[in-house]
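Novice: Using only what follows, build the 3D model:
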Amino acid sequence: MPRSGPMRVLPALLATCLASASLALPAATPVAPALRAGTFEPPRQAPDFTLRSSDGNELSLARLRGKVVLMSFGFSHCAAVCPVTLATLAEARRSLGKAGEAVQVVFVTVDPERDDVARLKAHMAAFDPSFIGATGTPAALAAMRKDYGVTARKVPTGDGYVMDHSSSVYLIDRGGKLRALMPYGRSAGDYAHDVKLLLGS
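Specialist: Residues are numbered from 1 along each chain as shown. Predicted coordinates for the structure are as follows:
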């Protein structure tokens with residue numbers, strides 16, 4: 001006679017338990033794509049400001065509501081970092097095609113002594129005519145840098161001076177919230193990736 005007992009029953013019980021356990025497991029939750037820039041957690045309202053714009057109007061963050069804003073700080077006489085950043089942002093915006101119309105690049109000067117409205121307008125046009133340059137009084141610009149945690153200092157050179165300053169780019173969503181900070185040197189593809197996510201959020 002075939003032998004019955006625990007040795008024959010246990011495999012059947014084990015199979016039944018495993019099947020029940022698998023049915024009880026919750027379905028995996030899809031993971032939302034992550035921004036490639038360093039994020040602000042939680043996102044917070046970006047400090048507003050009032051400056052003079054290279055397009056001839058008064059510039060405030062509230063005026064740009066509804067667009068994704070990429071905001072950098074620099075100066076038009078910059079020989080290396082600033083031109084690379086602006087060229088990268090221009091490439092990113094072009095790569096977005098029609099969606100690029102919902103993106104606004106703002107370049108805030110840290111050198112109001114030399115960067116007046118006319119100079120900023122010409123400088124922005126060299127990269128993308130849609131880019132907005134912003135200037136103001138030294139006091140207004142200093143207050144804005146403090147609000148955003150941006151540093152800038154004048155460094156004398158043999159024939160004048162340069163500005164040593166923060167080089168990251170702020171990503172602000174359509175609702176005016178600070179979402180991320182992209183460090184210098186990241187690719188146009190990284191910007192395009194993050195902008196697409198912010199446009200869809």
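
Novice: From now on I want contacts and neighbour counts done on CA atoms only, so please keep to that.
Specialist: OK.

Novice: Could you give the separation of the strand or helix carrying Val105 from the chain centroid?
Specialist: For Val105, the element it lies in under DSSP states H and E is strand 103-109. The chain centroid and the centroid of strand 103-109 are separated by 11 Å, computed with C-alpha atoms, centre = their mean, to the nearest Å.

Novice: likewise stretch 179-187?
Specialist: Taking C-alpha atoms, centre = their mean, one finds the center of stretch 179-187 at 6 Å from the center of the full chain.

Novice: Please work out how many residues are found near Tyr161.
Specialist: Under the neighbour criterion other C-alpha atoms under 10 Å, Tyr161 is assigned a count of 11.

Novice: hang on, it in a strand?
Specialist: Yes. Read with DSSP: H, G, I helix; E, B strand; the rest coil, Tyr161 is one of the residues of a strand.

Novice: For it, name its beta-bridge partners.
Specialist: Partner residues in beta bridges with Tyr161, using DSSP bridges, are Pro156.

Novice: Confirm for me that it is in contact with Lys154.
Specialist: Yes. Because the distance of 6.5 Å satisfies C-alpha atoms under 8 Å, Tyr161 is recorded as touching Lys154.

Novice: Remind me what the strand holding Val105 packs against, helices and strands.
Specialist: Packed against strand 103-109 by the contact rule (3 or more C-alpha pairs under 8 Å, 6 or more residues apart in numbering; DSSP states H and E) you find strand 68-74, strand 132-135.

Novice: Tell me which residues are up against the helix or strand that comes right after it.
Specialist: If you walk from strand 103-109 toward the C-terminus, the next helix or strand you reach (DSSP H and E) is helix 117-125. Helix 117-125 has contacts (C-alpha atoms under 8 Å, 6 or more residues apart in numbering) with Arg52, Ser53, Ser54, Asp55, Gly56, Ser76, Ser130, Phe131, Ile132, Gly133, Ala134, Thr135.
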